[in-house]
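Participant: for reference, the sequence and a predicted model appear below.
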Amino acid sequence: MNFKNIILFSFIFIFFITKLSVAMSNNILLQCSSVKFFDDIWIGNILHVKIDEEKNRVYLNEPANDYGWIVKKLISVKPNSITFKNCETLKCESKSFNYYYIDRVIGTLKYYSKIRKNDKFLKMYEYKCKKNKRAF
């Protein structure tokens, strides 16, 4: 093999390893578009979601905000749903009265919250999501 073939082979190998590692990882990448805020139609906001089952973390990024990626705690992963909460301490503990729910069947992300312990959860907002094949 000459030097050009070795370089070409190396690039192809690195390309496939990179694609394979993204495909084989336990990460789920979603791009979500806003649908509702309470009962009002809310269109135009985008939310990127990265779900990392291995680390029990969910990362949210709203390109419209300058916050960067916000870390959430993954609570459960089921065939039909994913649930996660806000991180309120450095160890990502959560005692708050809110949670995020992703319906994997219809592809929606909903955020629920309540003010007091005995209140009912109220849906604050909803997004329609689709899988994203590439990292953000």
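Facilitator: The structure has been received and is ready for your questions.
Participant: ok, and what's touching stretch 72-84?
Facilitator: 28, 51-53, 56-60, 85-87, 92-94, 99-105 (C-beta atoms under 8 Å, 6 or more residues apart in numbering). Every C-beta, even on glycine, is put in place using the N, C-alpha and C of the backbone.
Participant: nearest spatial neighbour of L60, chain-adjacent residues omitted?
Facilitator: I70 (4.8 Å; C-beta to C-beta, 6 or more residues apart in numbering).
Participant: okay, now that neighbour: neighbour count?
Facilitator: 13 (other C-beta atoms under 10 Å).
Participant: likewise the one 3 residues further on?
Facilitator: Close neighbours of K73, defined as other C-beta under 10 Å, add up to 19.
Participant: now the helices for this structure?
Facilitator: Using DSSP state H, the helices found in the chain span residues 3-24.
Participant: how about the strands of it, start to end?
Facilitator: 27-37, 40-41, 46-52, 57-61, 70-77, 81-86, 98-103, 108-113, 122-131 (DSSP state E).
Participant: okay, those strands in TSV with mean pLDDT next?
Facilitator: Below are the strands of the chain laid out as TSV (pLDDT from 0 to 100):
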stretch	mean pLDDT
strand 27-37	94
strand 40-41	94
strand 46-52	94
strand 57-61	94
strand 70-77	92
strand 81-86	94
strand 98-103	95
strand 108-113	96
strand 122-131	95
